[in-house]
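> Structure for the following, please:
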Amino acid sequence: MTSIKKLLTATTLLAAMSAPAMAAQWDMPMAYASSNFHSEMGVVFADKVRDYTGGEVDITIHAGGSLFKGGEIKRAVQTGQAPIGERFMSAHANELPILGWDNIPFLATTYAANDKLWATAKPYVNKALSAQNLVALYTCPWPGQGFYFKKEVKSSADTQGIKFRSYNSATATFAEELGMIPVQIEAAELSQALATGVAESFISSGSTGYDRKVWESLSHYYKVNAWLPRNYVMVNKGVWDGLDSTTQGQVQKAADETGAACSTKSQALANWYFEQLSSNGMSVEDASPVFLSELKAIGVKMTADWLANVGSDGQAILDSYNAQ
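Purely as a prediction, here's the structure:
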C-alpha cells in the first residue's frame, strides 16, 4: 500500500508540473468602433499576445465602448476593473497635462516627425503614467486633424456661435478662440449628436468622419493637419508587475510590432479617408490661407499654455525635439 501511495503521489506531482498554467484572461475595452483601424489593430495585438505567450495571456477585445465608455476606460484600468484598455491619450490632458504632448498645434505634422516627438516625450509620459498605476504598451497616431462643418468656412467670421464637439482641452481651446461653443462628446455618440444638432462641427481626422458617416449631417471638411494625436494601450501596473519577465517581454514584443503596424496603416489610410468623404458628397479641401493663419496664431497661444501647465518636463520635450 505504501508503494502504491508513493506511486500515486509521484504521478499527481508529475501531472501538476506538466499541466499548463492557467491562462490570464484579460478584457480589453476600446472606445472606437470595431471597424476602426485602431480597434482592428487591437485584435492583431491580442492575437500576437496569445501567440507569443503560448496562450498564457488571453485578451478579449471589447470595441465601441461596449464594456466601458471611452471616458471610463482609463479609470477602469487604473483601479483594476479592467487589466488593459485603449484610450485617446490627450483625452486625459485635463488631469495630466503632459498627456497633451501630441496636441501641440503645427509642431509635428508628418508621421516621421510625430514618431520623433513621441520618442522624445515617451519617458516623461511613462513616468507620469507610472504614478497613476499605468504602463503604456504601445501608441498609434491618427491621421492629421482637420475641421468638419455644415457650411463653407473661410475664416473665424464664419464660425461664431457654432456648437463644436470637443474631445479634450486642446480642441475646446480651439473652439473658444474661434468663437464656437465647445461640447464634450465621445466618438461613439458623435453621429447622434450631429443628427440632433447637439454639435454642428468638430476637428478630427478623416477616419472619424468616415466611421461615423458624418456626410449625413455635415458638408465640408477642411484639411488643416494641426496635429497627429495618438491612442495608447495601457495596462494596470500591478497586473503588469505580476507577470514574469519572460511573459512581459513577449507581451511587449507584440505591443511594439502592433504599434509600428498601426502607424503604417494610419498613414496608408489617411488619403483614402478623404476619398471616401468626397465620394459621399462632402467638399474636401485645404483650409483657406486666412483661416489657417488664424489657427496657427491660436496654436502659438496653446503651446504657451501647455508649457505653463506642464512645466520643466514640457520644455525639455520641446527643446529635445527641436534640437533633432
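> for whatever helix or strand Thr258 lives in, packing partners?
Here Thr258 sits within helix 245-279, counting by DSSP states H and E. Contact here means 3 or more CB pairs under 8 Å, 6 or more residues apart in numbering; DSSP states H and E; on that basis helix 245-279 packs against helix 37-52, strand 57-62, helix 111-130, strand 134-141, helix 206-211, strand 220-223, strand 283-286. For the C-beta atoms, the positions are set from N, CA and C on the backbone; glycine is no exception.
> Go again with 7 Å.
Applying 3 or more CB pairs under 7 Å, 6 or more residues apart in numbering; DSSP states H and E, one finds that helix 245-279 makes contact with helix 37-52, strand 134-141, helix 206-211, strand 283-286.
> Out of the ones you listed, point me to the one whose mean pLDDT is lowest.
When those are ranked by mean pLDDT, helix 206-211 comes last with a mean of 93.
> then it to PDB, C-alphas only?
The C-alpha trace of helix 206-211 is given here as PDB (Å, rounded to 0.1, in the frame of the first residue of the first chain):
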ATOM      1  CA  GLY A 206     -10.900  61.700 -42.000                       C
ATOM      2  CA  SER A 207     -11.100  58.400 -40.100                       C
ATOM      3  CA  THR A 208     -13.700  59.600 -37.600                       C
ATOM      4  CA  GLY A 209     -15.800  61.200 -40.300                       C
ATOM      5  CA  TYR A 210     -15.800  58.000 -42.300                       C
ATOM      6  CA  ASP A 211     -16.500  55.800 -39.300                       C
END
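> Begin at 9 from now on, thanks
New numbering, starting at 9: the last item is helix 214-219.
> List the neighbours of that helix that are in contact with it.
Helix 214-219 is touched from outside by 41, 43-45, 150-151, 156, 195, 229, 277-278, 281-282, 284-285, with contacts defined as CB atoms under 7 Å, 6 or more residues apart in numbering.
> who wins for neighbours among those?
Using other CB atoms under 10 Å as the neighbour criterion, Tyr156 leads the contacts of helix 214-219 with 29 neighbours.
> can you tell me which residues contact it?
Contacts of Tyr156 by CB under 7 Å, 6+ apart are 209-210, 212, 217, 222, 226, 229.
> Checking the residue nearest to Met290 when sequence neighbours are not counted next. Helix, strand or coil?
The spatial neighbour of Met290 that comes closest, neighbours along the chain excluded (CB to CB, 6 or more residues apart in numbering), is Trp223 at 4.9 Å. At Trp223 the chain is in helix, as set by DSSP: H, G, I helix; E, B strand; the rest coil.
> Mind splitting this structure into its structural domains?
Listed by automatic domain parsing, the domain ranges of the chain are 30-149+237-279, 154-235+281-330.
> ok, back up a step: might you report the residue contacts of the residue nearest to Met290?
Contact analysis of Trp223 by CB under 7 Å, 6+ apart lists 285, 288-290.
> Just the buried residues out of those residues, in ChimeraX syntax.
Only the buried entries of the contacts of Trp223 go into this ChimeraX selection, using 16 or more other CB atoms under 10 Å:
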select :285,290
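> Tell me the one among the contacts of Trp223 nearest to Ala90.
In terms of CB to CB, no member of those lies closer to Ala90 than Leu285, at 33.3 Å.
> can the helices and strands packed on helix 253-287 go into CSV with extra columns for distance to Ala331?
Listed next are those as CSV, based on distance: least, CB to CB, whole Å:
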stretch, distance to Ala331
helix 45-60, 31
strand 142-149, 22
helix 214-219, 32
strand 291-294, 31
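> Show me the shaky parts of the chain.
Residues of the chain that meet the criterion pLDDT under 70 lie in 9-29.
> Find the residue at the geometric middle of it.
Asn239 (1.4 Å; CA atoms, centre = their mean).
> separation between that residue and Tyr175?
Distance, Asn239 to Tyr175, using CB to CB, to the nearest Å: 12 Å.
> got it, and Gln86?
Applying CB to CB, the value for Gln86 to Tyr175 is 20 Å.
> who has more neighbours, these two?
Counted by other CB under 10 Å, Gln86 and Tyr175 do not tie: Tyr175 has more neighbours, with 24 against 18.
> which residues do Asn239 and Tyr175 both contact?
Here Asn239 and Tyr175 have Phe96 as joint contacts, going by CB under 7 Å, 6+ apart.
> Next, Tyr156: secondary structure please.
Following three-state DSSP, the label given to Tyr156 is strand.
> For it, name its beta-bridge partners.
Beta-bridge partners for Tyr156, by DSSP bridges, are Phe210, Tyr229.
> now for the helix or strand hosting Ala312, which elements pack on it?
In the assignment (DSSP H and E), Ala312 maps to helix 297-318. Applying 3+ CB pairs under 7 Å, 6+ apart, one finds that helix 297-318 contacts helix 177-185, helix 320-330.
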